[in-house]
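Student: Here is my input, please return the structure:
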Amino acid sequence: MAKEKINLELNINEDTMKLSVSKLNRILDKIHLGGGKKKIEKLHSKGKMTARERITYLIDEGSDFLEIGALAGYDMYQEYGGCPSGGVVVGIGYIRGKQCMIVANDATVKAGAWFPITGKKNLRAQEISMENRLPIIYLVDSAGVFLPMQDEIFPDKEHFGRIFRNNAIMSSKGIPQIAAIMGSCVAGGAYLPIMSDEALIVENTGSIFLAGPYLVKAAIGENVDKETLGGATTQCEISGVTDYKMPDDTTCLDTIKDLVDKMGDFENAGFNRKTPKPPKLSPKEIYQIFPADRTKPYDAMEIINRLVDDSKVTEYKKGYGKTIICCYARIDGWSVGIVANQRKVVKNAKNEMQFGGVIYSDSADKASRFIMNCNQKKIPLVFLHDVTGFMVGKRSEHGGIIKDGAKMVNAVSNSTVPKFSIVMGNSYGAGNYAMCGKAYDPRLIYAWPSAKLAVMGGAQAAKVLLQIQTSSMKAKGQEPTEEETKELYNKIKGRYDEQTTPYYAAARLWTDGIIDPMETRKVISMGIQAANNAPVEKFNPGVIQT
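Tutor: Residues are numbered from 1 along each chain as shown. As a prediction, the model looks like this:
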């Protein structure tokens, strides 16, 4: 009977995860159509490829492409018809065997206009390029700033202008930038390709100018057509603004391949890699192990054993700080240090029960020391999130949980080896910070469909907010009935739960995307390969209280 119950639970877990992955793939299929089939047909009629077609042609056949921010803008800007993938396709791909960051405007989405999330996504691409010294390729086809939202994209520090500032910084650091003008490139956006090291432009479809024909007419009364003003012949043969005149999209992309092929290599970081081995235990079993009911405990080591090469780990301080697992392993041949929240209930050295998924003082102390060890030995860090936060209550406060938590946050903040975060389940409160949430500069951060990111869980948050609202009502002489209280609770919880989904987070680029758990090894491996392009700074832990 017990065995049947276990098998039923495993089947429920597997079905739940598979359904979640299926939902993810359906959403991505729709997003990949950009502005829709009619807009794609219109683009083709002009002899142009779509953004995704350009990337597919540009990268090496059969090679991996790690998309970043595919869900950016998801379910946002509905009053303007939406903005699939933020109107720009971004990712790390291989061009003639060399990893490159690729940024391609999607002209099927509002003619490639920049929404606020478009700017944020472009900045994320540049950030990854700079951190990892990756050459960056811009495939430009954009109408410029989306004017109805100009106040949210133009004037602030992390807005549109930061893109060009980054162009200049990257140039000073010697990070190659190649821009291809394959459509419109107008106004302030014209600076991006010209601040790149080399610029290509496609005849008849590509154009670049500070002001288009209509604005020129309005501003100075001059009548001029687009080609004469800023077409390929004008900018290559008269102004000298661009470097290569290309007859069509394919020739343009072939030329980019040739340019990348001639690039030299930077000094690398020297991360340790050996011949990759698949896990001995099947990664597909993660579907069964990871619980559909997020309150259920499980052994996080069972997940780790299905992610690492040969299912082999060397566990650090195994008997101490048991609510965090710290271990050395390999992923696709790369040496890694893994920090994972243990979700099963454990006993400490005093034989006291400790809740799974909670960070206690001893766990924080252990993780801090492990992170420092990885920095000393130049080993990239992988954080596997399923954390509800730090332990609270009188005993924890008297034991110095704030001090120990601060120690872990300090170690994560000052870590100079590359960090990669996978949000498998919960990522709540200060636990998100200690486990290298977005604010702590992970080189990449991806979520599984089972992830939740928030200050706290929906039920707890709803109870807190309910208490505040009912107290406010009572102060005004209003006594809510039991039915009203229940209705208010459900309303608060529903709104809060919606904001904790992985889709809500990915839409706002709090994560780089949502992945099938089966893609976890690929994400980490490609991430470390990218990070290996940039030498690591010496680790300085700052002031860490012991």
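Student: now residue 506, nearest residue through space, not along the chain?
Tutor: In space, not counting the residues next to it along the chain, residue 506 is nearest to residue 71; the distance is 3.8 Å by Cβ to Cβ, 6 or more residues apart in numbering. Yep, even glycine has a C-beta here, placed from its N, CA and C like the rest.
Student: and that neighbour, what helix or strand is that in?
Tutor: If you go by DSSP states H and E, residue 71 is not part of any helix or strand.
Student: Read off the pLDDT value for it.
Tutor: With respect to pLDDT, residue 71 scores 98.
Student: measure it to residue 121 for me?
Tutor: Residue 71 is 11 Å from residue 121, where distance means Cβ to Cβ, to the nearest Å.
Student: Ok, residue 297 next?
Tutor: Here residue 297 is placed at a distance of 37 Å from residue 121 (Cβ to Cβ).
Student: So for these two, which sits in the more crowded spot?
Tutor: Neighbour tally, residue 297 and residue 121, criterion other Cβ atoms under 10 Å: the higher count belongs to residue 121, 25 against 14.
Student: Just after the helix or strand hosting that one, pick out the following helix or strand.
Tutor: In this assignment (DSSP H and E), residue 121 forms part of helix 116-132. As assigned by DSSP H and E, the chain's next helix or strand after helix 116-132 is strand 136-142.
Student: quick one: contacts of the next helix-or-strand element following that following strand?
Tutor: Scanning forward in sequence from strand 136-142 by DSSP H and E, the next helix or strand is helix 161-172. Helix 161-172 is touched from outside by 119, 122-123, 126, 129-130, 136, 154-155, 177, 188, 191-192, 195-197, with contacts defined as Cβ atoms under 8 Å, 6 or more residues apart in numbering.
Student: The helix or strand following helix 161-172 pairs with which strands, and in what direction?
Tutor: As assigned by DSSP H and E, the chain's next helix or strand after helix 161-172 is strand 177-186. Strand 177-186 sits in its sheet next to strand 136-142 (parallel), strand 198-202 (parallel), strand 207-209 (parallel), going by DSSP bridges.
Student: I'd like these as a markdown table, with distance to residue 424, mean neighbour count and mean pLDDT appended.
Tutor: Below are the strands paired with strand 177-186 laid out as a markdown table (distance: least, Cβ to Cβ, whole Å; neighbours: other Cβ atoms under 10 Å; pLDDT from 0 to 100):
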| stretch | distance to residue 424 | mean neighbour count | mean pLDDT |
| --- | --- | --- | --- |
| strand 136-142 | 30 | 27 | 95 |
| strand 198-202 | 42 | 25 | 96 |
| strand 207-209 | 45 | 25 | 90 |
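Student: out of those strands, which comes closest to residue 513?
Tutor: In terms of Cβ to Cβ, the element of those nearest to residue 513 is strand 136-142, at 18.7 Å.
Student: Name the SS class of the spatially most distant residue from the centre of the chain, please.
Tutor: The outermost residue of the chain relative to its centre, with distances by Cα atoms, centre = their mean, is residue 477 at 47.9 Å. Secondary structure of residue 477, reduced to three states by DSSP: H, G, I helix; E, B strand; the rest coil: coil.
Student: tell me the phi and psi of it?
Tutor: Per-residue torsions, residue 477: phi 80, psi 10 (degrees, to the nearest 10).
Student: Got the confidence number for it?
Tutor: 78.
Student: Low-confidence bits of the stretch 351-500 of the chain, can you list those?
Tutor: Scanning the stretch 351-500 of the chain for pLDDT under 70 picks out the ranges 398, 458.
Student: mind listing the helices in it by residue range?
Tutor: Ranges of helices within the stretch 351-500 of the chain are 361-376, 394-398, 401-414, 429-434, 458-475, 482-499, based on DSSP state H, counting those that start in this stretch.
Student: of these, which approaches residue 173 most closely?
Tutor: That would be helix 401-414 among those, by Cβ to Cβ, at 21.9 Å.
Student: any residues touching the closest one, and which ones?
Tutor: With Cβ under 8 Å, 6+ apart as the contact definition, helix 401-414 has outside contacts at 359-362, 364-365, 367-368, 371-372, 390-392, 419, 430, 433-436, 440, 539-546.
Student: Let me know the angle separating it from helix 361-376.
Tutor: Here helix 401-414 points in a direction 20 degrees away from that of helix 361-376 (axes from the mean of the first three to the mean of the last three Cα atoms, to 10 degrees).
Student: Distance from helix 401-414 to the middle of the chain?
Tutor: On the basis of Cα atoms, centre = their mean, to the nearest Å, helix 401-414 sits 24 Å off its chain's mean C-alpha point.
Student: Just the buried residues of the biggest helix by length in the chain, please?
Tutor: Longest helix in the chain by number of residues (criterion: DSSP state H): helix 2-31. Neighbour-count burial for helix 2-31, with 16 or more other Cβ atoms under 10 Å as criterion, is recorded at 13-14, 16-17, 20-21, 24, 27-28, 31.
Student: quick check: mean pLDDT across that helix?
Tutor: For helix 2-31, the per-residue pLDDT averages 91.
Student: The residue nearest to residue 506: neighbour count?
Tutor: 27.
Student: returning to that earlier point: got the angle between the very next helix or strand once past the longest helix of the chain and strand 136-142?
Tutor: Going down the chain from helix 2-31, the next helix or strand is helix 37-45, by DSSP H and E. Angle of helix 37-45 versus strand 136-142, following the same axes, to 10 degrees, is 100 degrees.
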